[in-house]
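Chemist: This is the structure alone, sequence omitted:
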């Protein structure tokens, strides 16, 4: 049976055929763009959603972004139908350990909000404490306002935001927080502020200022990746670069990741750690093959266990350590 739906927004009849009960399946964000004409009109938006879908894990984050997309899409239809629509505060807190996809999701979200006409530009300005805190009274407010100005029409993403409150009441970081809070009022709906950092540290940070919790109604938790997800991330990275792991190489990597993810806790870099291993393996493969006279296509694509090396410790060395141990 066909149901006719006429919308004021498109001024065309859409016919929906009811074929009876359908097999239940997991939601996919791109299913919201099933109309071929709509897909063509919103291709940039579809690309953002497909990019989000391609990320490994992050099921709760994807579910939330699906909510945001659905709310925005239905709000547009309500407006077209002459109904009232309320704006929602989209300032957010991203809680998670390093390498869990916080910055990647922020960039995708910026582009999506632009395509949905929520943000004018959709760009992401990425800063940390050193970019906001000045060296003398008044300097911090000036620097913070400048970065807010750069972020107008997009997202201001502050990584390790909890560092702004570490110095106490006399630290200039408090001035940055106060300036951000005022900017959120002065430029309401003009930009989205995302604060990111470790879960425990962010909880203490939010409690440090009574005005912060109500200004950040959205809190997303970026969980550590499971062992299976980390291996899938590694395989995706090498496949994209037209490489592949040998069986021993994959086993060696899997064993190491299992141990590191179990022991390192917050110091473990998740996807970032995996990326460093993959990029080093590619370099080591090149060194291994450099003086080989006859190299097959298979040789050029295969990363062997010899190419997979690891740092001696992720907890006692800085991120700038040498990988060659």
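Modeler: Everything's here; your move. This is a predicted model, so every value here is computed, not measured.

Chemist: where exactly do the helices run in the stretch 1-150 of the chain?
Modeler: For the stretch 1-150 of the chain, helices defined by DSSP state H, counting those that start in this stretch occupy the ranges 36-41, 43-54, 59-80, 102-115, 129-132, 139-151.

Chemist: Can you check which of those helices gets nearest to residue 192?
Modeler: Residue 192 sits nearest to helix 102-115 of all the helices of the stretch 1-150 of the chain, at 7.0 Å, using CB to CB. For the C-beta atoms, the positions are set from N, CA and C on the backbone; glycine is no exception.

Chemist: gap between residue 197 and residue 216?
Modeler: Distance, residue 197 to residue 216, by CB to CB, to the nearest Å: 12 Å.

Chemist: still on that earlier bit, comparing the helices of the stretch 1-150 of the chain, which comes out most buried?
Modeler: Among the helices of the stretch 1-150 of the chain, ranked by average contacts under mean count of other CB atoms under 10 Å, first place goes to helix 102-115 (a mean of 21).

Chemist: can you give me how far that helix is from the chain middle?
Modeler: Averaging C-alpha positions (CA atoms, centre = their mean, to the nearest Å) puts helix 102-115 7 Å from its chain's average.

Chemist: angle of that helix against helix 59-80?
Modeler: On the basis of axes from the mean of the first three to the mean of the last three CA atoms, to 10 degrees, helix 102-115 is oriented at 10 degrees to helix 59-80.

Chemist: what inclination does helix 102-115 have with respect to helix 139-151?
Modeler: 50 degrees.

Chemist: secondary structure class for residue 196?
Modeler: Following DSSP: H, G, I helix; E, B strand; the rest coil, the label given to residue 196 is strand.

Chemist: Near the nearest residue to it once chain neighbours are set aside, how many other residues are there?
Modeler: Excluding its sequence neighbours, the residue lying closest to residue 196 (CB to CB, 6 or more residues apart in numbering) is residue 94, at 4.1 Å. When counting by other CB atoms under 10 Å, one arrives at 26 neighbours for residue 94.

Chemist: residues contacting residue 94?
Modeler: Applying CB atoms under 8 Å, 6 or more residues apart in numbering, we find residue 94 in contact with 102, 105, 106, 194, 195, 196, 197, 220, 222.

Chemist: so how far is residue 70 from the second one?
Modeler: The reference is to residue 105. Residue 105 sits 17 Å away from residue 70, going by CB to CB.

Chemist: Any buried residues in stretch 216-236, and which?
Modeler: Across stretch 216-236, burial judged by 16 or more other CB atoms under 10 Å covers 216, 218-220, 222-225, 229-231, 233-236.

Chemist: repeat for stretch 77-96
Modeler: Those would be 90, 91, 92, 93, 94, 95, 96, for stretch 77-96 by 16+ other CB under 10 Å.

Chemist: For the residues you listed, give me CSV that also has pLDDT and distance to residue 58.
Modeler: Output for the buried residues of stretch 77-96, formatted as CSV (pLDDT from 0 to 100; distance: CB to CB, whole Å):
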residue, pLDDT, distance to residue 58
90, 87, 18
91, 91, 20
92, 91, 14
93, 92, 16
94, 93, 11
95, 91, 13
96, 88, 10
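
Chemist: tell me which of these is nearest to residue 188?
Modeler: Once CB to CB is applied, the member of the buried residues of stretch 77-96 that ends up nearest residue 188 is residue 91, at 10.2 Å.

Chemist: ok, and the closest non-adjacent residue to the closest one?
Modeler: Nearest residue to residue 91, sequence neighbours excluded (CB to CB, 6+ apart): residue 193, at 4.6 Å.

Chemist: And the strand or helix carrying that neighbour, what does it pack against?
Modeler: Using DSSP states H and E, the element containing residue 193 is strand 192-197. Contacts defined by 3 or more CB pairs under 8 Å, 6 or more residues apart in numbering; DSSP states H and E place strand 192-197 against strand 92-96, helix 102-115, strand 155-159, helix 199-207.

Chemist: And the contacts of that strand?
Modeler: By CB under 8 Å, 6+ apart, strand 192-197 touches 90-96, 102-103, 106, 109-110, 113, 119, 151, 154-163, 180, 184, 202, 205, 216.

Chemist: please redo it, this time with the cut-off set to 6 Å
Modeler: When contacts are defined by CB atoms under 6 Å, 6 or more residues apart in numbering, strand 192-197 is touched by residues 90-94, 102, 106, 155-162.

Chemist: can you check stretch 302-309 too?
Modeler: 243, 244, 245, 246, 248, 249, 252, 253, 281, 284, 285.

Chemist: who touches the first one in this structure?
Modeler: Residues near residue 243 by CB under 6 Å, 6+ apart: 301, 303.

Chemist: okay, it: pLDDT?
Modeler: Per-residue confidence (pLDDT) for residue 243: 96.

Chemist: Just read off the phi/psi values of it.
Modeler: Dihedral angles of residue 243 (phi, psi; degrees, to the nearest 10) stand at phi -120, psi 180.

Chemist: any idea how far residue 279 is from it?
Modeler: Distance of residue 243 to residue 279, given as CB to CB: 11 Å.

Chemist: rewinding a little: filter the contacts of stretch 302-309 down to the buried ones, ChimeraX style.
Modeler: Buried subset of these, written as a ChimeraX selection, criterion 16+ other CB under 10 Å:
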select :243,245,249,252,253,281,284,285
